[in-house]
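A.B. asks: Mind folding the following:
(2 chains)
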Protein chains: 2
Amino acid sequence: MRSLQFTAESSRNGLLERDFTVPGVPGVPGVPGVPGVPGVLWSPASAPAEPAPLILMAHGGGNHKKHPAMSGRAQRVVTGCGFHVAVIDAPGHGDRPRTAHDEEEVAELFRARAAGEPEGPIVVRYNDHLAQLAVPEYRATLDALQELPEIGAGGPVGFWGINMGTAIGVPLVAVEPRITAAVFGQHWPDVLAEKAKRITVPIEFDLQWDDEHISREEGLALFDAFASKEKSLHVNSGKHKELPRFEADSAVRFFARHLGGAVTAPA
Amino acid sequence: MRSLQFTAESSRNGLLERDFTVPGVPGVPGVPGVPGVPGVLWSPASAPAEPAPLILMAHGGGNHKKHPAMSGRAQRVVTGCGFHVAVIDAPGHGDRPRTAHDEEEVAELFRARAAGEPEGPIVVRYNDHLAQLAVPEYRATLDALQELPEIGAGGPVGFWGINMGTAIGVPLVAVEPRITAAVFGQHWPDVLAEKAKRITVPIEFDLQWDDEHISREEGLALFDAFASKEKSLHVNSGKHKELPRFEADSAVRFFARHLGGAVTAPA
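C.D. replies: Residues are numbered from 1 along each chain as shown, chains lettered A, B, ... in the order given. The predicted structure is shown next:
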């Protein structure tokens, strides 16, 4: 059975936060204490009468499902639009075990960083490996989330992931027809451009103009690859980690435009 | 004397609209019925107690100060932020006389367009000519507007102009220290890039990814030229005239961030 199991629940600032696991995902062995893929679902604390749209998010490399970047975006989406937001830990991240391969790749990344070598080749290949595991996990999570009456099958679904979230999201959105709008950004085109060519839903894409890891040409090439008739690129001055917070507000408005609903909070 | 003279007043949808002329601007000969530079000032219909920020706008080529693109943006700024918005007719546009040189350049543009030749070289040179006239006019208009108690001297001032509005705005903002935030877009770098290098205030810059007149390389080169520490580029799929309306909402939020105040209308 696939259904999602809630393991914890709390409420704060108008958000209902529920931890869950999705058991029985293919390729995810049972681990003691971690019986499936762990995730979190944020919803309006005062449940609406009707099913509401869902945003699937994916966290960045080295982070986890409840990193402040995730909870902060969820707060904006839930209070601004009344949508649901779900994130799962990526393989090797958060509450999930690291394999020997994970350890080797992370060590190699730290070594390259310390040596002042380019991180791109390592990040591209490791994120591609993680994405191959994560895509079926996200699809199974979406199956389980759509069994909940407050989300429902057939409702609008968006995807939001930057950095490693884009490495997972581009192959996911390329094969998942239930996702009809996506926010991506800050990744290399090497593996992803071919998959982006299969994406036709509206996208918003974030780049940093002074990114020390991803060149302007690489960033623009990935944006250019999307087949979407409607696509927006937001470039900001600043380095890789300096993506301005107002881009999160912009993403919320993007989802409000495409998945229905008005942004009610000033943003 | 420089002071602005109001010539008409009306009120609608929460906006007070006042036509004005700025007499005695250098280089602007007296014309029967058009004694100076004609402009329009949009303000909140219910005047706030305190002076409010001012956005100077410049219209596009072939348009005029009350073109729907101008009044639509003004509506967003005034109702969203409570700011004032002022636009003047560019030389040879709107209620202003056309010189023989204007007629020749417009005819040349239409000829090139009909022949399927590039418009860029003509637009670049003609807009540069108009900008040289318009920059002192804008500065004199700002002098006069700042004499009004509802605006006041020393208050925040922004500039917003796309297309020909950018051709006028870049040289204006380069020399006018009272303007501390600007929205530009959709012009060629040929004449403007050198002036953009002198601009350090925050900017937001709009490009169309499939612009049939301005290449991606040209658009990106102009964005790149700004010396601003804080600059944002918004690229959207679509042709030259398909700039999405949500970019106007984004510009309003940009001014709210930089000139003070929150956007109160959902956008």
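
A.B. asks: Point out the residues in the stretch 101-250 of chain A that sit beside chain B.
C.D. replies: Listed as neighbours of chain B in the stretch 101-250 of chain A under the rule C-beta under 8 Å from any C-beta of the partner chain: A:209, A:216, A:220, A:223-224, A:228-237, A:244, A:246, A:249-250. Glycine gets a C-beta too; all of them are placed from N, C-alpha and C.

A.B. asks: So how do I select the buried members of those in PyMOL?
C.D. replies: PyMOL command restricting those to the buried ones, with burial defined by 16 or more other C-beta atoms under 10 Å in any protein chain shown:
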select buried, chain A and resi 209+220+223+224+228+230+231+232+233+234+235+236+237+244+246+249+250
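
A.B. asks: Okay, and which of the residues of the stretch 101-250 of chain A next to chain B map to helices?
C.D. replies: If you go by DSSP state H, those have A:Arg216, A:Leu220, A:Phe223, A:Asp224, A:Phe246, A:Asp249, A:Ser250 in helices.

A.B. asks: Please pick out the residue of chain A most distant from its centre.
C.D. replies: Taking C-alpha atoms, centre = their mean, the residue of chain A most remote from its mean C-alpha position is A:Ala115, at 29.7 Å.

A.B. asks: Find the closest residue to chain B in the stretch 1-150 of chain A.
C.D. replies: Residue of the stretch 1-150 of chain A nearest chain B, by C-beta to the nearest C-beta: A:Gly80 (9.8 Å).

A.B. asks: Can you tell me the element that residue falls in?
C.D. replies: In this assignment (DSSP states H and E), A:Gly80 forms part of helix A:68-81.

A.B. asks: which parts of that helix are buried?
C.D. replies: Neighbour-count burial for helix A:68-81, with 16+ other C-beta under 10 Å as criterion, is recorded at A:Ala69, A:Met70, A:Ser71, A:Arg73, A:Ala74, A:Gln75, A:Arg76, A:Val77, A:Val78, A:Thr79, A:Gly80, A:Cys81.

A.B. asks: likewise stretch A:103-111?
C.D. replies: Quick answer for stretch A:103-111 (16+ other C-beta under 10 Å): A:Glu105, A:Val106, A:Glu108, A:Leu109.

A.B. asks: Switch those residues over to TSV; also include secondary structure and distance to B:Ala193.
C.D. replies: Formatted as TSV, these follow (DSSP: H, G, I helix; E, B strand; the rest coil; distance: C-beta to C-beta, whole Å):
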residue	secondary structure	distance to B:Ala193
A:Glu105	helix	43
A:Val106	helix	43
A:Glu108	helix	42
A:Leu109	helix	38
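
A.B. asks: For stretch A:233-243, measure first residue to last.
C.D. replies: Its start and end residues considered, stretch A:233-243 measures 13 Å (C-alpha to C-alpha, to the nearest Å).

A.B. asks: isn't A:Ile203 right up against A:Phe184?
C.D. replies: Yes. At 6.1 Å, A:Ile203 and A:Phe184 qualify as touching, with contact defined as C-beta atoms under 8 Å.

A.B. asks: Helix or strand next in line after whichever helix in chain A runs longest, which one?
C.D. replies: What stands out as the longest helix in chain A, according to DSSP H, is helix A:120-145. Moving toward the C-terminus from helix A:120-145, the next helix or strand (DSSP H and E) is strand A:157-160.

A.B. asks: on that earlier part again, after the helix holding A:Gly80, which helix or strand is next?
C.D. replies: Moving toward the C-terminus from helix A:68-81, the next helix or strand (DSSP H and E) is strand A:84-88.
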